[in-house]
Every structure is written in structure tokens, then in C-alpha cells.
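1. how would this look folded up:
(chains A and B)
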Amino acid sequence: MFADLLPTLVLSPLLRRFAKLLEPKSDAELEAMAQQAHLATLAHFGKAMRLFAPIYLSNECINACKYCGFSRGNPILRVTLSVEETVREARYLVEEGFRNILLVAGEHPKFVSVDYMEQCIRALTPFVPAVAVEIAPMSVEAYRPMVNAGAEGIVVFQETYHQPSYKELHPAGPKKDFAWRLNTPERAYEAGFRRIGTGALYGLWHWREEALANAAHLEHLLKHCWKAQITTCFPRLRPAPGGFQPRYEFNDRDYVQLVCAVRLCFPEVGIVMSTREDIAFRDALVPLGITMMSAGSHTDPGGYTGQGKEALHQTVHGRRIAREEATPHDEAAGQFEISDPRTAAEVAAMLHSRGYEPVWKDWDRGILGNA
Amino acid sequence: MITDLTQKLVIAGREFQSRLLLGTGKFSSNPAMAAALDASGTEIVTVALRRADLTGQADPYANILDFIDPKRYLILPNTSGAMNAEEAVRLARLAAAAGLPTWIKLEIHPDPRYLLPDPIETLKAAEILVKEGFTVFPYINADPILAKRLEEAGTATVMPLGSPIGSNRGIETRAQIEIIIEQATVPVIVDAGLGAPSQAAEALEMGADAVLVNTAIAIAPDPSRMARAFRKAVEAGREAFETGLAGRQSFASATSPLTAFLSSAN
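-> Residues are numbered from 1 along each chain as shown, chains lettered A, B, ... in the order given. Prediction:
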């Protein structure tokens, strides 16, 4: 398991090459890296961009992560969608064109139980070809029913690979356990997930060190989870409830260099781009190594169709408090602010105009036989 | 037309003029793909079932098949995405149920990194699919014994790889493919890794019956033009093979003949 290896990591030749690519570069050197990254992406992934959208199921959370909008101490409006409400959100996304949906939820064993997740997945797979989850780390036994229900992908971010920072940023709740989280992709693989995403949240630690650990994790997963499609993503901190500010810089140029370095060292790894980034930046990165994008996203439960409004409630430090004045315009809080508000059709049109085919469906539930 | 080929490609009793098969992934748009198919002269086109709509509901967001005329091309659905025999067989059955041809390109590559085929699962799936009446095109590593085992199981072709999918590295498995061609009783189609027309020509010159090309055409700046280049190369390679290449000589004319004594003894 990777958690046992990280503290005494010995850089392989591949990781040494990766570290070299992360060193400061001149404009010309960076451009040369970008050209190579473009060609490597074309060869492996073609002129195609896979599209997906998240559904936030719940913003309830028992963790106290200092940077997260859903942190239990934040006095925000919270809700957990019912299975029926989740289906309505999914039907909206299917109408928009999405055939690949990521179910996201905070960590709350009562509201977001294994049983609840299984029910949501089972309700979606009859009309959504690909369903993935981004939820709290669980055991192999807890993941199995989700895989059996038809989920084929999982995303779990390590947030930061720097253990002292991790400890300080996650002061309470089950998420405190660094190693449990770090070994999640391997447990998910054992349970049968076949698309596994991991990475760090950039801005919590020095990006070059973060990226090197991220790359070591990728290299480890490629060897040990050899049948899984491994993906990664480089989310940057966005404004969110709680008002946490990034501690370390990770600017556009750094981001580009990182995408290129990962592409050149891991030509087969999928790189995901979320709507955390703004329009100009997202569009500019399309040819550089990105292979999958979200579009038209909402990060609040019920954000697409207004589901769950009746059950909205406010919590402070995990306790429900009486709401002063409820209005029909109230919405559950989002995890972070979206920077690219374009609809799915607008993003698809942008891809076409840049010579890329938007790929909506790239998986068939018939493969797993739980149709 | 450059050529007047004398020998047609025959697969499972069906005759084909073109010895170039095309894949449909990685194109910048479905119309660009359709134009490249047209320019290539191909008659057999493979499509990943996971990209297509198998529900019969004409999903406009999974409509790749709308761009391939089934009257003009034989659509060869492929099982890419399947990790084992069970999944591949299930996909093939779903395709047949959806009204697609029962000719199937059997691809089981559990490793998303190099997309190398699993020989054990491929053989297992081939045995089942042949029994169920499918015409099976198995994608395999260039393993001559596996090729013979598949042939015995009743596959219509064998499709050894030149090098990993999308790598454009050409025929790195040349020595093994030569053995496969030498021993085969079904058409040998070199699939994967052909990055340049010269490499496709090389496969045909070696005696491969056909080649399958995708990435090199799909990601070319002008896919239709590249498709034409491959078409010509395939025709040239085949014509050279049928004509008979002079063959490379690995020795020079000996200065001290070893067999001259045979005539001097007279």
C-alpha cells in the first residue's frame, strides 16, 4: 500500500525525469514541453474530449477541513437529496447530453450511508451509462455493493500529500487519518472500481513537492491497479464558505507546466479539468493534455433542478439551528464557486470549434452486466 | 487506380476489394471520420460498442453509427472496454441484439495503459462466440501459438499487433508476425501501431492479408488525405507481395566457390 512507501520514497528513473520537468523553465522550454504534451495526448486520446457532470448528493459533513465549504463548523444551509430527487437531477443532466455522472457527497455516515449510495447508483444506472462516486474513503466491503450496483469510477483526492500540513488542515473527523485516505484507491480497485481518480488540492503546500508525491502515487497505482484507468486532476482552491485562502502559489504557468510534465511522464493517465477554472484557461488547456472535462456544473445539492429545498436546514458545529427566515430562494450551499458557467452545449460547441469531438458516452453498462 | 489486384481478400466466405480496415476512434468529428472512411476505400470499419447506443433509442449523444453507412461498409463492432471473456461475450450479444452485424472484433485489453490484449480471456471468449455463430476477429499479441489456437477455435481471422495501439511505432513484432503468416490458414490482419503508410506497406509486403489503421489517420492534420496515403500504400504493398519481392541477400558472391568441384569432376 502506498501509505507505507510514501515516507521513504525513492525516486524511480521516471520520477527523476518528472522532477526535472518540474524545475523552473524558460518560455521556450515550456513551449517545447507543451508541443510534446500535445502530441502525446493526441496519440493516446485522439482529438476527443470526454465530458461529465457532478451531482452533489449531500453537503452534510462530519469533518472539519479548514479549506472546505462543507466543513462541519460552517453555518451553511445543508441538505441530502433523496434517491428520487437524485434521479430528477440525473434526468436533467441526461437531457443536457451527459452520459457520465459523478456522484459527490460530504462525509456523513448517517445521511450518506453505503446503503444510500447503493440505492442512488442502482436508480441511475438504468438510464446513465457511466456512474462514478466521489465520497468519503470506505472499506473494500463497503465499496463492493456500489460496484455491484453499477458504479465503475471513483475519485478520491488526497488533498495534500504533505503529512504535517494534512494533519493541521484536518483537525477533526474521520478524515484525520492520512494513511486510510492515501490507500483508498487501492481498496477501491480491490472492490472492482475500474476508473480511479486521485490527486491533490493545489494551494495547500508547495506545488512542486505536492506534484512529485502525486506522480509517485500515479506510478504506484499504475503498477498495482494495472487494470484500472487512472486519472488525475489539479484542482486549485476556489472561494468557498469559510473563506480559507490558498497558502502557496500555484499560478497558471505552474499549472500548465504540471499538465505537460504529467502528460510526458504518464502518457496514458487521464487528466480531468473541472469548472473550478475559468473559461479562457479551460479552453486554452484543451489541446495540452486534458482528456476529460466537466461542464455546466453545480456544486450544491439540488443545484440543477431545485431538488431538496423542503429539507434545507442550517447547522452550526453539526447542530441544527432554527433558521431565522426561510425563503423560496434559499439554496443549499455549494462546495466552491464555479468559474465556468457555460452550459454543456456551449462547452461542446467550443470543443467542436477547436477541432475536438465531445464524447458523451464512452462506457456501456452492458459491459458489467448489471443493466 | 494504381493496381489491378489479382487476389481478393476473402474472410469467412465474403470477398473484399480493399485490404485496409479502419477504426473510428480519436477523430475530431464524426463528419471528419466519415470523410476519411470514404477516402480510404475501406470496406470494413470497426466501432467501439461502448461509444454507440445499444438501447435502440437512437441516442443523439451516442450517434457515431449514424455516420457509417451499413450498406457501404461492413460494420465490425468491437468489444473494447471489456476486461475479460464474460464482459466481451456480453457486449457481443448486446450488439447482436441491437441489430448490429454478428461479425465482431474481439478486443480484451484489461490494461488501459498499453491496451495489450489478454491472450487467455481472448481465447476463452473466441471459443464461446464462435459456437454462438459470431464471425470473430480476435485482436492478439503477435503470438504464433495463440494464433493457431484461435484458428482451431474457429475464428475468421487473427489480428496480431505491430506495436501497442496508438504508439505509431510500426511492426516491432516482425519476427513473430512472419511466423504467424507462414502458419496461418485464416487471413492475418496486422492491427495496431501502424503509424505511417510505409509501415502498412511493409505489413502487406510481408504477406499480411490486410491491416487495420486508426490513430495515424484520425489524428493527422488532414485525415482524408492521410487515409488516401494509406490506401495507396496498402495497394502497393500487396502488389509487391503478389509480384514477389526479390528478397534481401545477406551474403555476397563468394570469391572461392565451394561447389565448383562438382563441375570440374566431370
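2. Relative to the whole chain's centre, how far out is the worst-scoring helix or strand of chain B on mean pLDDT?
-> Taking mean pLDDT, DSSP states H and E as the measure, chain B has helix B:261-264 as its least confident helix or strand, at a mean of 74. Offset of helix B:261-264 from its chain centre (CA atoms, centre = their mean, to the nearest Å): 51 Å.
3. What of stretch B:32-39?
-> 18 Å.
4. One more: stretch B:229-245?
-> With CA atoms, centre = their mean as the basis, stretch B:229-245 stands 16 Å off its chain's centre.
5. List of residues touching that stretch?
-> B:2-3, B:5-7, B:18-20, B:39-42, B:197-198, B:200-207, B:210-211, B:213, B:216-217 (CB atoms under 8 Å, 6 or more residues apart in numbering or on different chains). Quick note: C-beta positions are derived from backbone N, CA and C, even for glycine.
6. how does it look with 6 Å?
-> Here stretch B:229-245 makes contact (CB atoms under 6 Å, 6 or more residues apart in numbering or on different chains) with B:2-3, B:19-20, B:40-41, B:197, B:200-201, B:204-205, B:207, B:213.
7. ChimeraX command for the buried members of those residues?
-> The ChimeraX selection below is limited to those of those classed as buried (16 or more other CB atoms under 10 Å in any protein chain shown):
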select /B:19,20,40,41,197,200,201,204,205,207,213
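8. just the contacts of stretch B:229-245 now: which is nearest residue A:211?
-> Checking the contacts of stretch B:229-245 against residue A:211 with CB to CB, the nearest one is residue B:213 at 36.2 Å.
9. Pretty sure the closest one sits against residue B:195.
-> No: the criterion here is CB atoms under 6 Å, and residue B:213 misses it with residue B:195 at 8.9 Å.
10. In space, what's closest to residue A:132 - neighbours in sequence excluded?
-> Nearest non-adjacent residue to residue A:132, counting by CB to CB, 6 or more residues apart in numbering or on different chains: residue A:153, 2.9 Å away.
11. which residues touch the helix or strand harbouring the one you found?
-> Taking DSSP states H and E as the definition, residue A:153 sits inside strand A:151-159. Strand A:151-159 has contacts (CB under 6 Å, 6+ apart) with A:121, A:131-134, A:182, A:184, A:188, A:193-201.
12. Same question for stretch A:130-142.
-> Contacts of stretch A:130-142 (CB under 6 Å, 6+ apart): A:100-105, A:107, A:114, A:121, A:124-125, A:151, A:153-155, A:180-181, A:184, A:187, A:190-191, A:363.
13. Tell me which of the residues you listed fall in strands.
-> A:100, A:101, A:102, A:103, A:104, A:105, A:151, A:153, A:154, A:155 (DSSP state E).
14. any idea which of those is the one closest to chain B?
-> Nearest to chain B among these: residue A:100, at 10.4 Å, using CB to the nearest CB.
15. Pull up the gap between the closest one and residue B:120, please.
-> Per CB to CB, to the nearest Å, residue A:100 is found 30 Å from residue B:120.
16. Residue B:243 too?
-> Taking CB to CB as the measure, residue B:243 falls 40 Å from residue B:120.
17. Pick out whichever of these two has more residues nearby.
-> residue B:120 (12 against 9; other CB atoms under 10 Å in any protein chain shown).
18. quick revisit: only whichever of the contacts of stretch A:130-142 are buried, select them in PyMOL.
-> Selection of the buried residues among the contacts of stretch A:130-142 in PyMOL, burial being defined by 16+ other CB under 10 Å:
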select buried, chain A and resi 100+101+102+103+104+105+107+114+121+124+125+151+153+154+155+180+181+184+187+191+363
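19. which stretches of the stretch 101-250 of chain B have low pLDDT?
-> Within the stretch 101-250 of chain B, the ranges that satisfy pLDDT under 70 run B:247-250.
20. give the contact list for residue 75.
-> I'll assume chain A. residue A:316.
21. not what I meant, chain B
-> With contact taken as CB under 6 Å, 6+ apart, residue B:75 is in contact with B:45, B:68, B:101.
22. For the first one, which non-adjacent residue is spatially closest?
-> Nearest non-adjacent residue to residue B:45, counting by CB to CB, 6+ apart: residue B:73, 4.5 Å away.
23. same question, residue A:181
-> residue A:137 (5.2 Å).
24. helix/strand/coil for that neighbour?
-> Residue A:137 falls in the coil class when you classify it by DSSP: H, G, I helix; E, B strand; the rest coil.
25. Any figure for the gap between it and chain B?
-> Distance of residue A:137 to chain B, given as CB to the nearest CB, to the nearest Å: 23 Å.
26. Count residues in the vicinity of that residue, would you?
-> With other CB under 10 Å as criterion, residue A:137 counts 20.
27. ok, now the one 10 residues further on?
-> Residues within reach of residue A:147, counting by other CB under 10 Å, total 21.
28. And for residue B:152?
-> For residue B:152, the count of nearby residues is 12 (other CB under 10 Å).
29. Doesn't it lie inside a strand?
-> No: if the criterion is three-state DSSP, then residue B:152 is helix and not within a strand.
30. what's the closest non-adjacent residue to the residue of the stretch 51-200 of chain A at minimum distance from chain B?
-> In the stretch 51-200 of chain A, the residue that lies nearest chain B is residue A:97 (4.6 Å; CB to the nearest CB). Nearest residue to residue A:97, sequence neighbours excluded (CB to CB, 6+ apart): residue B:61, at 4.6 Å.
31. mind checking how far the one you found is from residue A:242?
-> Residue B:61 is 37 Å from residue A:242, by CB to CB.
32. burial count for residue A:246?
-> Using other CB under 10 Å, residue A:246 is surrounded by 14 other residues.
33. need the contacts of residue B:75 in JSON lines with secondary structure and neighbour count, can you?
-> Listed next are these as JSON lines, based on DSSP: H, G, I helix; E, B strand; the rest coil; neighbours: other CB atoms under 10 Å in any protein chain shown:
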{"residue": "B:45", "secondary structure": "strand", "neighbour count": "25"}
{"residue": "B:68", "secondary structure": "coil", "neighbour count": "20"}
{"residue": "B:101", "secondary structure": "coil", "neighbour count": "14"}
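34. closest to chain A among the residues you listed?
-> residue B:68 (14.6 Å).
35. hey, where'd the helices end up in the chain?
-> Defaulting to chain A. With helices called from DSSP state H, chain A shows them at A:2-5, A:13-22, A:27-45, A:83-96, A:114-124, A:140-149, A:163-169, A:178-182, A:184-191, A:207-224, A:252-265, A:279-285, A:344-353.
36. you looked at the wrong chain, it should be chain B
-> Applying DSSP H to chain B gives helices spanning B:30-40, B:85-97, B:119-131, B:144-153, B:174-183, B:197-206, B:215-218, B:223-243, B:261-264.
37. looking at the ones you listed, which is buried most?
-> helix B:215-218 (a mean of 25; mean count of other CB atoms under 10 Å in any protein chain shown).
38. Who are the packing partners of the longest strand along chain A?
-> The strand that spans the most residues within chain A, counting by DSSP E, is strand A:48-58. For strand A:48-58, the packing partners by 3 or more CB pairs under 6 Å, 6 or more residues apart in numbering or on different chains; DSSP states H and E come out as strand A:100-105, strand A:292-294, strand A:357-359.
39. what pLDDT, on average, does it get?
-> Across strand A:48-58, the average pLDDT comes to 94.
40. Stretch B:60-68 now?
-> Average pLDDT, stretch B:60-68: 85.
41. quick one: buried residues of it?
-> Result for stretch B:60-68 [16+ other CB under 10 Å]: buried residues B:61, B:62, B:64, B:65, B:67, B:68.
42. Just give me how far it sits from the chain centre.
-> So, by CA atoms, centre = their mean, the centroid of stretch B:60-68 is 23 Å from its chain's centroid.
43. Show residues contacting it.
-> Here stretch B:60-68 makes contact (CB under 6 Å, 6+ apart) with A:97, A:360, A:361, B:30, B:34, B:45, B:51, B:52, B:53, B:75.
44. Include pLDDT and distance to residue A:52 when you put the residues you listed into a markdown table, please.
-> Converted to a markdown table, these look like this (pLDDT from 0 to 100; distance: CB to CB, whole Å):
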| residue | pLDDT | distance to residue A:52 |
| --- | --- | --- |
| A:97 | 93 | 11 |
| A:360 | 92 | 9 |
| A:361 | 89 | 11 |
| B:30 | 91 | 20 |
| B:34 | 95 | 26 |
| B:45 | 95 | 27 |
| B:51 | 85 | 15 |
| B:52 | 83 | 18 |
| B:53 | 82 | 18 |
| B:75 | 93 | 27 |
